[in-house]
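1. Provided below for reference: sequence and predicted model.
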Amino acid sequence: MFLNFLQNYPFVLAFILGLTPALVWLWFWLKEDIHPEPARMVTLSFLGGMVAVLFSLPLEKIVYHFFQNNDQISFLLWAIIEEGLKFGFVYFIALRNKMADEPVDDIIYLIISALGFVALENTFFIFSSFDSNFLLSGVGPEKIIDTIISGNLRFLGASLLHTMASAMIGICMALAYYKNAETKKIYTLAGILIAVVLHTAFNLFIINGAPEDIFFIFGTVWAGIVILLLLFEKVKHITAIQT
(Lines give C-alpha, C1' and ligand atoms only; values in the text may rest on other atoms or scores of the structure.)
Protein backbone atom coordinates (compact mmCIF):
# COMPACT_ATOMS: atom_id res chain seq x y z
CA MET A 1 0.00 0.00 0.00
CA PHE A 2 2.82 2.36 0.91
CA LEU A 3 4.68 1.68 -2.36
CA ASN A 4 1.45 2.14 -4.30
CA PHE A 5 1.09 5.57 -2.73
CA LEU A 6 4.68 6.48 -3.63
CA GLN A 7 4.16 5.28 -7.19
CA ASN A 8 1.48 7.91 -7.60
CA TYR A 9 3.06 10.63 -5.45
CA PRO A 10 6.88 10.31 -5.54
CA PHE A 11 7.23 14.04 -4.81
CA VAL A 12 5.69 13.41 -1.38
CA LEU A 13 8.54 11.02 -0.54
CA ALA A 14 11.10 13.50 -1.83
CA PHE A 15 9.52 16.28 0.24
CA ILE A 16 9.54 14.17 3.41
CA LEU A 17 13.19 13.24 2.87
CA GLY A 18 14.11 16.86 2.21
CA LEU A 19 12.07 18.33 5.05
CA THR A 20 12.86 15.97 7.93
CA PRO A 21 16.60 16.76 8.31
CA ALA A 22 15.80 20.48 8.04
CA LEU A 23 13.33 20.21 10.91
CA VAL A 24 15.94 18.45 13.04
CA TRP A 25 18.42 21.28 12.43
CA LEU A 26 15.66 23.81 13.06
CA TRP A 27 14.90 22.22 16.44
CA PHE A 28 18.59 22.39 17.33
CA TRP A 29 19.00 26.08 16.52
CA LEU A 30 15.72 27.12 18.16
CA LYS A 31 16.93 25.44 21.35
CA GLU A 32 19.92 27.79 21.26
CA ASP A 33 17.63 30.82 21.49
CA ILE A 34 16.92 31.56 25.16
CA HIS A 35 13.96 33.75 24.16
CA PRO A 36 11.95 31.66 21.65
CA GLU A 37 10.59 33.40 18.58
CA PRO A 38 6.84 33.40 17.76
CA ALA A 39 5.83 30.17 16.02
CA ARG A 40 4.11 32.17 13.28
CA MET A 41 7.28 34.08 12.41
CA VAL A 42 9.39 30.93 12.53
CA THR A 43 7.00 29.25 10.10
CA LEU A 44 6.83 32.24 7.76
CA SER A 45 10.62 32.61 7.73
CA PHE A 46 11.04 28.90 6.95
CA LEU A 47 8.49 29.16 4.14
CA GLY A 48 10.20 32.31 2.93
CA GLY A 49 13.40 30.31 2.48
CA MET A 50 11.45 27.76 0.45
CA VAL A 51 9.94 30.44 -1.76
CA ALA A 52 13.44 31.83 -2.34
CA VAL A 53 14.28 28.53 -4.09
CA LEU A 54 11.46 29.04 -6.58
CA PHE A 55 12.85 32.46 -7.47
CA SER A 56 16.48 31.36 -7.58
CA LEU A 57 16.06 28.41 -9.96
CA PRO A 58 15.02 30.38 -13.06
CA LEU A 59 17.66 33.02 -12.37
CA GLU A 60 20.34 30.36 -12.01
CA LYS A 61 19.25 28.79 -15.29
CA ILE A 62 19.80 32.14 -17.00
CA VAL A 63 23.26 32.38 -15.46
CA TYR A 64 24.08 28.85 -16.60
CA HIS A 65 22.93 29.65 -20.13
CA PHE A 66 25.40 32.52 -20.44
CA PHE A 67 28.29 31.21 -18.32
CA GLN A 68 28.11 27.42 -18.54
CA ASN A 69 31.76 27.28 -19.57
CA ASN A 70 32.99 29.43 -16.70
CA ASP A 71 32.56 27.79 -13.28
CA GLN A 72 34.00 30.72 -11.35
CA ILE A 73 31.52 33.27 -12.68
CA SER A 74 28.59 30.83 -12.58
CA PHE A 75 29.19 29.85 -8.96
CA LEU A 76 29.77 33.45 -7.92
CA LEU A 77 26.51 34.62 -9.50
CA TRP A 78 24.61 31.63 -8.11
CA ALA A 79 25.93 32.44 -4.64
CA ILE A 80 24.86 36.09 -5.00
CA ILE A 81 21.40 35.01 -6.14
CA GLU A 82 20.87 32.47 -3.35
CA GLU A 83 22.32 34.51 -0.50
CA GLY A 84 20.52 37.62 -1.71
CA LEU A 85 17.14 35.91 -1.95
CA LYS A 86 17.47 34.09 1.36
CA PHE A 87 18.30 37.36 3.05
CA GLY A 88 15.73 39.38 1.13
CA PHE A 89 12.74 37.20 1.99
CA VAL A 90 13.53 36.91 5.69
CA TYR A 91 14.31 40.62 5.86
CA PHE A 92 10.81 41.54 4.70
CA ILE A 93 9.17 38.79 6.75
CA ALA A 94 10.86 39.27 10.11
CA LEU A 95 13.91 41.52 10.30
CA ARG A 96 12.38 44.68 8.84
CA ASN A 97 9.28 44.32 11.03
CA LYS A 98 11.30 44.48 14.26
CA MET A 99 10.57 40.86 15.10
CA ALA A 100 14.29 40.56 15.80
CA ASP A 101 14.21 42.39 19.12
CA GLU A 102 17.64 41.26 20.34
CA PRO A 103 20.97 40.72 18.54
CA VAL A 104 20.82 36.91 18.46
CA ASP A 105 17.44 37.00 16.67
CA ASP A 106 19.10 38.19 13.45
CA ILE A 107 21.10 34.97 13.38
CA ILE A 108 18.13 32.77 14.27
CA TYR A 109 15.83 34.13 11.56
CA LEU A 110 18.53 33.93 8.88
CA ILE A 111 19.30 30.33 9.83
CA ILE A 112 15.59 29.48 9.70
CA SER A 113 15.39 30.94 6.19
CA ALA A 114 18.48 28.98 5.14
CA LEU A 115 16.99 25.71 6.41
CA GLY A 116 13.77 26.36 4.51
CA PHE A 117 15.85 26.95 1.41
CA VAL A 118 17.83 23.73 1.67
CA ALA A 119 14.70 21.72 2.54
CA LEU A 120 13.03 22.54 -0.77
CA GLU A 121 16.28 22.56 -2.74
CA ASN A 122 17.06 19.06 -1.49
CA THR A 123 13.49 17.97 -2.22
CA PHE A 124 13.96 18.89 -5.87
CA PHE A 125 17.34 17.14 -5.94
CA ILE A 126 15.91 13.91 -4.51
CA PHE A 127 12.88 14.04 -6.80
CA SER A 128 15.06 14.57 -9.86
CA SER A 129 17.12 11.51 -8.92
CA PHE A 130 14.04 9.31 -9.17
CA ASP A 131 13.61 7.52 -12.49
CA SER A 132 10.11 8.20 -13.74
CA ASN A 133 9.11 4.57 -13.40
CA PHE A 134 11.52 3.23 -10.79
CA LEU A 135 8.79 2.65 -8.24
CA LEU A 136 7.03 0.40 -10.72
CA SER A 137 10.11 -1.76 -11.21
CA GLY A 138 11.43 -4.58 -9.10
CA VAL A 139 14.21 -2.41 -7.65
CA GLY A 140 11.95 0.22 -6.15
CA PRO A 141 12.91 -0.25 -2.47
CA GLU A 142 16.64 -0.39 -3.27
CA LYS A 143 16.36 2.80 -5.29
CA ILE A 144 14.56 4.46 -2.40
CA ILE A 145 17.39 3.52 -0.01
CA ASP A 146 20.05 4.77 -2.44
CA THR A 147 18.14 8.02 -2.86
CA ILE A 148 17.82 8.46 0.90
CA ILE A 149 21.56 7.97 1.39
CA SER A 150 22.67 10.21 -1.47
CA GLY A 151 20.05 12.81 -0.62
CA ASN A 152 21.03 12.98 3.03
CA LEU A 153 24.73 13.19 2.19
CA ARG A 154 23.98 16.10 -0.10
CA PHE A 155 21.70 17.64 2.51
CA LEU A 156 24.48 17.46 5.09
CA GLY A 157 26.77 19.55 2.91
CA ALA A 158 24.05 21.91 1.70
CA SER A 159 22.57 22.49 5.14
CA LEU A 160 25.95 23.22 6.70
CA LEU A 161 26.92 25.55 3.87
CA HIS A 162 23.66 27.50 3.80
CA THR A 163 23.45 27.64 7.59
CA MET A 164 26.99 28.93 7.95
CA ALA A 165 26.66 31.45 5.12
CA SER A 166 23.35 32.92 6.30
CA ALA A 167 24.48 32.88 9.92
CA MET A 168 27.51 34.98 9.04
CA ILE A 169 25.18 37.68 7.75
CA GLY A 170 23.23 37.42 10.99
CA ILE A 171 26.37 37.64 13.10
CA CYS A 172 27.51 40.79 11.31
CA MET A 173 24.06 42.31 11.79
CA ALA A 174 24.05 41.28 15.45
CA LEU A 175 27.45 42.89 16.07
CA ALA A 176 26.00 46.18 14.77
CA TYR A 177 22.61 45.76 16.46
CA TYR A 178 23.03 48.73 18.79
CA LYS A 179 24.99 50.89 16.35
CA ASN A 180 23.70 53.67 14.08
CA ALA A 181 21.83 52.98 10.83
CA GLU A 182 24.81 53.65 8.56
CA THR A 183 27.03 51.25 10.48
CA LYS A 184 24.31 48.61 10.39
CA LYS A 185 24.19 48.85 6.59
CA ILE A 186 27.96 48.48 6.32
CA TYR A 187 27.99 45.45 8.62
CA THR A 188 25.08 43.85 6.75
CA LEU A 189 26.78 44.31 3.38
CA ALA A 190 29.99 42.89 4.84
CA GLY A 191 28.05 39.86 6.07
CA ILE A 192 26.49 39.29 2.66
CA LEU A 193 29.93 39.56 1.05
CA ILE A 194 31.36 36.98 3.47
CA ALA A 195 28.40 34.66 2.81
CA VAL A 196 28.86 34.93 -0.96
CA VAL A 197 32.60 34.22 -0.70
CA LEU A 198 32.04 31.17 1.54
CA HIS A 199 29.28 29.87 -0.73
CA THR A 200 31.33 30.32 -3.90
CA ALA A 201 34.49 28.80 -2.42
CA PHE A 202 32.62 25.73 -1.14
CA ASN A 203 31.03 25.03 -4.52
CA LEU A 204 34.30 25.50 -6.38
CA PHE A 205 36.16 23.15 -4.03
CA ILE A 206 33.40 20.53 -4.28
CA ILE A 207 33.36 20.60 -8.08
CA ASN A 208 37.05 21.04 -8.80
CA GLY A 209 38.58 19.28 -5.80
CA ALA A 210 39.91 15.75 -5.92
CA PRO A 211 37.72 12.98 -4.42
CA GLU A 212 40.18 12.47 -1.58
CA ASP A 213 39.75 16.14 -0.61
CA ILE A 214 36.05 15.76 0.20
CA PHE A 215 36.69 14.93 3.86
CA PHE A 216 38.95 17.95 4.22
CA ILE A 217 36.29 20.18 2.66
CA PHE A 218 33.53 18.89 4.90
CA GLY A 219 35.87 19.01 7.89
CA THR A 220 36.52 22.66 7.16
CA VAL A 221 32.78 23.34 7.01
CA TRP A 222 32.27 21.57 10.33
CA ALA A 223 35.06 23.69 11.82
CA GLY A 224 33.16 26.71 10.52
CA ILE A 225 30.03 25.50 12.33
CA VAL A 226 32.02 25.20 15.58
CA ILE A 227 33.26 28.77 15.13
CA LEU A 228 29.68 29.80 14.37
CA LEU A 229 28.50 28.30 17.67
CA LEU A 230 31.22 30.18 19.54
CA LEU A 231 30.26 33.45 17.87
CA PHE A 232 26.62 32.69 18.60
CA GLU A 233 27.42 32.45 22.30
CA LYS A 234 29.32 35.75 22.11
CA VAL A 235 26.37 37.47 20.46
CA LYS A 236 24.07 36.28 23.26
CA HIS A 237 25.98 38.54 25.65
CA ILE A 238 26.02 41.70 23.52
CA THR A 239 24.35 44.61 25.27
CA ALA A 240 23.74 48.23 24.39
CA ILE A 241 26.24 49.28 27.03
CA GLN A 242 28.99 47.14 25.51
CA THR A 243 28.53 48.71 22.08
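-> That came through, no problem. Residues are numbered from 1 along each chain as shown.
2. Let me see the ranges of the helices in the chain.
-> 2-8, 10-31, 39-67, 71-90, 103-129, 140-175, 181-208, 214-236 (DSSP state H).
3. Which of those helices has the highest mean neighbour count?
-> Most buried of the helices of the chain by mean neighbour count (mean count of other C-beta atoms under 10 Å) is helix 103-129; its value is a mean of 25. Placement of C-beta: from N, CA and C, glycine included.
4. Leaving out the residues flanking it, which one is nearest to Phe202?
-> Leu161 (5.1 Å; C-beta to C-beta, 6 or more residues apart in numbering).
5. mind checking how far the one you found is from Asn69?
-> 24 Å (C-beta to C-beta, to the nearest Å).
6. pLDDT score for the residue nearest to Phe202?
-> Note for Leu161: predicted pLDDT of 87.
7. ok, so what distance separates it from Ala114?
-> According to C-beta to C-beta, Leu161 stands 9 Å off from Ala114.
8. Likewise for Val196?
-> From Val196 across to Ala114, the span is 14 Å (C-beta to C-beta).
9. Please enumerate the shared neighbours of these two.
-> Common neighbours of Val196 and Ala114, using C-beta atoms under 8 Å, 6 or more residues apart in numbering, are Ala165.
10. which regions of the protein lie under the pLDDT threshold?
-> For the chain, applying pLDDT under 70 flags the ranges 1-9, 98-99, 129-157, 208-214, 217, 239-243.
11. residues in contact with stretch 48-68?
-> The contact list for stretch 48-68, computed with C-beta under 8 Å, 6+ apart, reads 73-74, 77-78, 81-82, 85-86, 88-90, 92-93, 112-121, 124.
12. what distance separates that stretch from the centre of its chain?
-> 14 Å (C-alpha atoms, centre = their mean, to the nearest Å).
13. now do stretch 190-209
-> On C-alpha atoms, centre = their mean, the centre of stretch 190-209 falls 13 Å from the chain's centre.
14. do stretch 106-126 as well
-> With C-alpha atoms, centre = their mean, you get 4 Å for stretch 106-126.
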